[in-house]
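Colleague: could you work out the structure for the sequence below:
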Amino acid sequence: MKKFNVRFHDVKALRRSGFTLIELLVVIAIIAILVALIVPAVQQAREAARRMQCANNLKQLGLAIHNFHDSKRHLPSSVRPSAASTVRVGAFTQMLPFLDEKTLWDSYSTAVNWSDATNTPVTSAKLSVFQCPSSPKSDRQDGNPDPLQTGGNAAWNPSIVGVADYAATIGVDKRLARVFTTIKVGAGMLPKNEKGTFADVTDGLSNTIAVVESAGRPFVYRRGPILIDSDQKNHRINGGGWARPASDLLFAGSNKAGTVIPPTNTADVASINATNGDDVGGEVTPTPTYPHQYYGTEGTSQPFGFHNSGINVLFGDGSVRFIDEAVEISVFAGLITRDQAEKISDSQF
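Modeller: Here you go, the predicted model:
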């Protein structure tokens, strides 16, 4: 039998070849620190990629608007008669052929409403060009607030049409001028029921917002972002479906908490990112507040995004810029209106 001669110091060396408990704890602590440093960086990189994709979506909408104008000789505009129970066609719906969605447009009937069973196979479609990848609940849907029950009362019919995190700008809420003397009220670039042209944008296409983020609708979100009601039963925005004219945006701003639209004083005011719109779901009392006491059956959306500290907007010239949420309300209102001759520089936003 072969004998092995192992000296004492060799055995001691072998015993010392592993990690001690203290060394292991130090390694774990170092790994934890590295993970803590890397995870935020990865999250920021992912958000940067999502924000870029959001900007690309808006650029596609910009190209569609310009191609629509070149083809039709006017800008896309939501058809929305003021009378109830009328046929309504959204601006984004009319842009479908210019967004590589001609098949959907060919299947859409302008003889009936967007919520009619004839059109819901089209309007229920989830279209990535209308959705910001930073928005939560990517599979959410908007509903119809107007179906009639026996006796004539409106009832909320949820989850029937696909959503958009972007909204066509139709103008500035006239109530703002009562509080802010520097704000000029006027039409936006894509007002309803109008065949406007680029020539109507006398403030300049590079100074006028055509489409703005209004993400998360029809769910109500407030600064944070904080979701108000996870099932739309008692809280919802009137708007969100890409096919709905009610998803267009009349800019009003809000107080900093996002609970009062428009703001009632010059000290407590937020232009964007305080809320994605006025709640029509019955927040104050159990009784639904739709039709809204001010907007009626019109949309109640406001500018809102899920990016860090601001939103993407599409200007009339096709450029996409990021607007900081600290922008002054008079500046943002000036960017919404198309013909009020406000003097606004890039440094102001």
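Colleague: quick one: list the elements packing against whichever helix in the chain runs longest.
Modeller: Ordering each helix of the chain by length in residues (DSSP state H) puts helix 21-72 first. Contact here means 3 or more Cβ pairs under 8 Å, 6 or more residues apart in numbering; DSSP states H and E; on that basis helix 21-72 packs against strand 166-172, strand 209-213, strand 310-315, strand 320-324. Placement of C-beta: from N, CA and C, glycine included.
Colleague: could you export the last one as CSV, CA atoms only?
Modeller: Taking Å, rounded to 0.1, in the frame of the first residue of the first chain, the C-alpha atoms of strand 320-324 are listed here in CSV:
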residue,chain,number,x,y,z
VAL,A,320,-40.8,66.2,-31.6
ARG,A,321,-39.6,67.9,-28.5
PHE,A,322,-39.6,67.1,-24.8
ILE,A,323,-41.4,69.7,-22.6
ASP,A,324,-40.3,70.0,-19.0
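Colleague: what angle do that strand and helix 21-72 make?
Modeller: 120 degrees (axes from the mean of the first three to the mean of the last three Cα atoms, to 10 degrees).
Colleague: so what strands line up beside strand 320-324?
Modeller: Strands adjacent to strand 320-324 in the sheet, as given by DSSP bridges, are strand 310-315 (antiparallel).
Colleague: go through the partner strand and flag the buried ones.
Modeller: For strand 310-315, the neighbour count (16 or more other Cβ atoms under 10 Å) marks G310, I311, N312, V313, L314, F315 as buried.
Colleague: enumerate the beta-bridge partners assigned to the residue nearest to F322 when sequence neighbours are not counted.
Modeller: Closest residue in space to F322, ignoring its immediate chain neighbours: G310 at 5.3 Å, by Cβ to Cβ, 6 or more residues apart in numbering. In this structure, G310 bridges to H307, D324 when assessed by DSSP bridges.
Colleague: wait, isn't G310 in contact with F304?
Modeller: No - here G310 lies out of contact with F304, judged by Cβ atoms under 8 Å, at a distance of 10.6 Å.
Colleague: hey, what's in contact with both of those two?
Modeller: I272, N273 (Cβ atoms under 8 Å, 6 or more residues apart in numbering).
Colleague: give me the number of residues near L127?
Modeller: 17 (other Cβ atoms under 10 Å).
Colleague: so what's it up against?
Modeller: Contacts were defined as Cβ under 8 Å, 6+ apart; by that measure L127 touches L99, E101, G162, W242.
Colleague: equivalent analysis for E342, please.
Modeller: So E342 contacts K184, D203, G334 (Cβ under 8 Å, 6+ apart).
Colleague: what's the answer for D248, then?
Modeller: Counting by Cβ under 8 Å, 6+ apart, the residues that D248 touches are S78, G90, A91, A167, A168, T169, I170, L190, K192, G239, G299, S301.
Colleague: and L190, by the same measure?
Modeller: Counted by Cβ under 8 Å, 6+ apart, L190 has contacts L75, P76, S77, S78, A91, A168, T169, I170, G196, A210, V211, D248.
Colleague: so for it, what's the nearest residue that isn't a sequence neighbour?
Modeller: Computed as Cβ to Cβ, 6+ apart, the closest residue to L190 that is not its neighbour in sequence is A168, at 4.1 Å.
Colleague: partner residues bridging that neighbour?
Modeller: Beta-bridge partners of A168, as defined by DSSP bridges: V211.
Colleague: quick one: pLDDT of it?
Modeller: What the model reports for A168 is a pLDDT of 98.
Colleague: what's the answer for the one 4 residues further on, then?
Modeller: What the model reports as pLDDT for V172 is 98.
Colleague: repeat for D10
Modeller: D10 is given a pLDDT of 55.
Colleague: determine which two of the contacts of L190 are furthest apart.
Modeller: Across those, no pair lies farther apart than G196 and V211, at 14.4 Å, counting by Cβ to Cβ.
Colleague: compare these two (neighbour count), which wins?
Modeller: V211 (29 against 18).
Colleague: and that one, what does it touch?
Modeller: So V211 contacts L58, L61, G62, I65, Y166, A167, A168, T169, L190, V313, L314 (Cβ under 8 Å, 6+ apart).
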